[in-house]
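K.L.:
Mind looking at a prediction? Sequence and model below.
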Amino acid sequence: MSIVDKPKDFQTLFLDMNSFFASVEQQVQPTLRGLPVGIAPYVGGTGCIIAASREAKNLGIKTGCLVKEARRLYRDIKIIESRPALYMIYHKEIRKVIESFTPHYQVLSIDEFVINLASYEQNLAAATRLGQAIKEKILSEVGDFLTCSVGIGPNRFLAKMAGERKKPDGLIIVQLKNLEEFYSSIKLLDITGINHALEFRLVKSGISSPLEFFQSDLPKLRTVLNHGGRLWHYRLRGYEVDDYTTSTKTIGHSHVLAPDHRSPAGAKSVLRKLIYKAASRLRADGFLAGGIFVAISFYNGPGFKKGRRVSPFSDTHSFTSNVFEMLKDCSWYCSPSYVSVSAFNLTSSRITQISILPEIEKSRKISEAMDKIDDDFGVGFIHPASVFAARDSAPDRIPFGRPRYDIRH
């Protein structure tokens, strides 16, 4: 469906797992149930809460606050170091549940899914029945402490907005005939895709509420928001304008070095791990890379940055050898502070061509075999010996690589 198609009710179902990371921890550790829990990649005071349990949210502890701030709000909050591999296991089980009902779904992030409803599901009874059945099967087959919010609407924007209206464990439907009532019940900042800057811009133009935003005609919105105004005009009215695939341009990782790795040897060891992670993502996403970039910052000297085009690759060995060839030009200072590596000029690798060079073909097969082991047992379960010294550095910070649902302005 697109702008040329007239919007219809019951087109899209949006599923959002509630407090997912924290709920998974409470699922596998029952003693945490009912307690305020915060998930952080680093549990020290300067760590950042990336997920909070329902109990923590009720105390005002939100995603993005520092661990020390969370403890200031509630001294006895349980701070758990994030376990991406564990969350991925549960993500895969949730996908199996959704696949048992329909093949017409998309993964938007580790805890968000959108389902395009089939023609026979595009009515109130069937759409409600499907949403409730998915919720119940997740509880019975994945985890009895895992709830989700479901929203159903004419497009994914309104379906997501509906799901946001009742958390946790809600099921809300928005229909075209009720849009004015729906927009009258929320604030501008409640609208997915509206931040403070855009809110200020709208208010300055005389649009101070979602209902006024909805009732503004196309010429006015184009005057206020340029081309984005046209998208918002149709999006607010139930047209599907956000069903698109983001084009990945680069894949890479960076890391601030811990004190015990602030040396040339330490920095190189961490770089090897970053390369290993980036190469795994290349293969998982079906890309070949035609370019590499590496950067190193120093506490007491100018940084090093270099990039170059290379023969297309996805294996870890080629990635590593190209990076370390460029590092021959680096003037090492005594205290490197930060390292970064990325691959660019990405092309699809769906059509696999066997290399005429046996060492490259061998490296490709080794990399793919390691990927399969990591997929079964968790990222980092197996790694090259060269990564051993930095095995605890640069842990996974984002448990799932796909972009979260976002609204284009």
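P.N.:
Yep, it's here.

K.L.:
Please, where are all the helices along the chain?
P.N.:
20-28, 54-58, 67-73, 84-99, 124-141, 156-165, 179-184, 196-204, 210-215, 218-225, 227-236, 264-284, 316-326, 358-377 (DSSP state H).

K.L.:
will you turn those helices into TSV that also has mean neighbour count?
P.N.:
C-beta coordinates here come from the backbone N, C-alpha and C atoms, glycine included. TSV is the format used below for the helices of the chain (neighbours: other Cβ atoms under 10 Å):
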stretch	mean neighbour count
helix 20-28	23
helix 54-58	19
helix 67-73	16
helix 84-99	17
helix 124-141	16
helix 156-165	24
helix 179-184	16
helix 196-204	14
helix 210-215	18
helix 218-225	16
helix 227-236	19
helix 264-284	22
helix 316-326	20
helix 358-377	14
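
K.L.:
distance between stretch 257-264 and the chain's centre?
P.N.:
Distance of stretch 257-264 from the chain centroid (Cα atoms, centre = their mean, to the nearest Å) equals 29 Å.

K.L.:
just stretch 72-81 next, same as before
P.N.:
24 Å.

K.L.:
Check stretch 326-335 too.
P.N.:
From the chain centre to the centre of stretch 326-335 is a distance of 33 Å (Cα atoms, centre = their mean).

K.L.:
what does that stretch contact?
P.N.:
Here stretch 326-335 makes contact (Cβ atoms under 8 Å, 6 or more residues apart in numbering) with 262-264, 268, 271, 292, 294, 296, 298-301, 304, 306-308.

K.L.:
again, 10 Å this time
P.N.:
For stretch 326-335, contacts defined as Cβ atoms under 10 Å, 6 or more residues apart in numbering pick out 257, 259, 262-265, 267-268, 271, 292-294, 296-308, 310, 324, 336, 341.

K.L.:
Let's have the helices of the chain in CSV, adding distance to residue 171 and mean pLDDT.
P.N.:
Shown next, in CSV, are these (distance: least, Cβ to Cβ, whole Å; pLDDT from 0 to 100):
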stretch, distance to residue 171, mean pLDDT
helix 20-28, 17, 97
helix 54-58, 17, 95
helix 67-73, 30, 95
helix 84-99, 15, 94
helix 124-141, 5, 97
helix 156-165, 8, 95
helix 179-184, 15, 96
helix 196-204, 29, 93
helix 210-215, 22, 96
helix 218-225, 31, 93
helix 227-236, 22, 92
helix 264-284, 33, 91
helix 316-326, 45, 93
helix 358-377, 33, 54
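
K.L.:
Just put those helices in TSV and tack on distance to residue 48.
P.N.:
Shown next, in TSV, are the helices of the chain (distance: least, Cβ to Cβ, whole Å):
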stretch	distance to residue 48
helix 20-28	13
helix 54-58	14
helix 67-73	7
helix 84-99	15
helix 124-141	28
helix 156-165	23
helix 179-184	33
helix 196-204	20
helix 210-215	30
helix 218-225	32
helix 227-236	30
helix 264-284	20
helix 316-326	28
helix 358-377	25
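
K.L.:
right, and those - which one's nearest residue 114?
P.N.:
Closest approach to residue 114 among those (Cβ to Cβ): helix 156-165, 5.1 Å.

K.L.:
Check which helices and strands that closest one is in contact with.
P.N.:
strand 12-17, strand 105-109, strand 112-116, strand 148-153, strand 171-173, helix 179-184, helix 227-236 (3 or more Cβ pairs under 10 Å, 6 or more residues apart in numbering; DSSP states H and E).

K.L.:
what's the longest one packed up against?
P.N.:
Under the contact definition 3+ Cβ pairs under 10 Å, 6+ apart, helix 227-236 sits against helix 156-165, helix 196-204, helix 210-215, helix 218-225.

K.L.:
chain center to the longest one: distance?
P.N.:
If you compare the mean C-alpha spot of helix 156-165 with that of the full chain, they lie 18 Å apart, counting by Cα atoms, centre = their mean.

K.L.:
Would you mind getting the angle between it and helix 227-236?
P.N.:
60 degrees (axes from the mean of the first three to the mean of the last three Cα atoms, to 10 degrees).

K.L.:
how about residue 230, what does it touch?
P.N.:
So residue 230 contacts 3, 218, 221, 222, 241 (Cβ under 10 Å, 6+ apart).

K.L.:
again, only this time at 7 Å
P.N.:
With contact set as Cβ atoms under 7 Å, 6 or more residues apart in numbering, residue 230 has these partners: 218, 222.

K.L.:
so how far is residue 258 from it?
P.N.:
With distances taken as Cβ to Cβ, to the nearest Å, residue 230 is found 49 Å from residue 258.

K.L.:
next one: residue 290
P.N.:
Going from residue 290 to residue 258 by Cβ to Cβ gives 33 Å.
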